[in-house]
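> Here is my input; please provide its structure:
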Amino acid sequence: MSLIKSVRGFTPQIGENVFLADNATIIGDVVIGNNCSIWFNTVLRGDVNSIRIGNRVNIQDGSVIHTLYEKSVTEIGDDVSIGHNVVVHGAKIEAGALIGMGAVVLDHAVIGEGALIAAGSVVLSGTKVEAGSIYAGVPAKFVKNMDAKQSKEINQKIAGNYLMYSDWYK
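Take a look at the predicted model:
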C-alpha cells in the first residue's frame, strides 16, 4: 500500500482515477490532479513546500519530486511525462513536456510547454527552456526546436499510454 503521510498540517490531496503504486510515497503539501499515475519507488515529498501536479501526469519509477524550504515550489502541468529516476526539485514543468529518464531539473528552472529534456540531462537552477524545444547534456543546452504538432502528439501519446498501463494494476 502507498505511503500517504500528513506533515506540518498538510495532507496530500489526490484526484480521481489516480494510480499510486504500492510503494509510492506521497508526503505533505502535495496536490495531484485526475487521471495521473505515480509509479513504483516514486517519492513526492511536500514536507518543506508545495508540489502541484496537473491532470494526466505520469511520474515514473524511482523519481523524486521535492522543493527548497520557503524558497521554491514544484509545479507540473497537464499531460506531462516524468521518466524513470528523474529528480525535479523546485521547478516548473509546463503542460505537455517530457522529462527523459535520469534527468535532473533544479530549482526555479522552467520547462516550457511541450519541451523535451533528454535522458540524463541536468537543467541548472533558473534555466528557462523554451516551449517546444529539446535540451540535452550536462548542463542541459538548447539542441533544436520541435514541430509543435509533433511535440504534442508524442507527449500526449506517452501520457495516454501511462494512463492505459495504470489500468492494468487496478
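
> quick one, helices of the protein?
Ranges of helices in the chain, per DSSP state H, are 148-167.

> ok, longest strand in it?
Criterion DSSP state E: the longest strand present in the chain is strand 43-53.

> name the helices or strands packed onto that strand?
Applying 3 or more Cβ pairs under 8 Å, 6 or more residues apart in numbering; DSSP states H and E, we find strand 43-53 packed against strand 25-32, strand 64-66, strand 74-76. For every residue, glycine as well, the C-beta is placed using N, CA and C.

> Who does it pair with, and is each partner parallel or antiparallel?
Within its sheet, strand 43-53 is paired with strand 25-32 (parallel), strand 64-66 (parallel), strand 74-76 (parallel), according to DSSP bridges.

> on that earlier part again, out of the helices and strands packed on strand 43-53, which is closest to Phe19?
Of all the helices and strands packed on strand 43-53, strand 25-32 sits nearest to Phe19, with 10.4 Å by Cβ to Cβ.

> just how off-centre is that closest one within its chain?
Mean-position distance between strand 25-32 and its chain equals 13 Å (Cα atoms, centre = their mean, to the nearest Å).

> Please report the number of neighbouring residues for the closest residue to Lys5 other than its chain neighbours.
Of all residues not flanking Lys5 in the chain, Ile27 sits nearest, at 4.7 Å (Cβ to Cβ, 6 or more residues apart in numbering). Neighbour count of Ile27, defined by other Cβ atoms under 10 Å: 22.

> what do you get for Cys36?
Around Cys36 there are 27 other residues, counting by other Cβ under 10 Å.

> how far away is it from Arg56?
7 Å (Cβ to Cβ, to the nearest Å).

> re earlier: so how far is the longest strand of the chain from its chain's centroid?
Taking Cα atoms, centre = their mean, one finds the center of strand 43-53 at 11 Å from the center of the full chain.

> can you list the strands paired with strand 43-53 in JSON lines and add mean pLDDT?
Shown next, in JSON lines, are the strands paired with strand 43-53 (pLDDT from 0 to 100):
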{"stretch": "strand 25-32", "mean pLDDT": "98"}
{"stretch": "strand 64-66", "mean pLDDT": "98"}
{"stretch": "strand 74-76", "mean pLDDT": "98"}
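
> Student question: in the protein, what's the helix or strand with minimum average pLDDT?
helix 148-167 (a mean of 86; mean pLDDT, DSSP states H and E).

> Could you pull out the buried residues of that one?
Across helix 148-167, burial judged by 16 or more other Cβ atoms under 10 Å covers Ser151, Lys152, Ile154, Asn155, Gln156, Ile158, Ala159, Tyr162, Leu163, Ser166.
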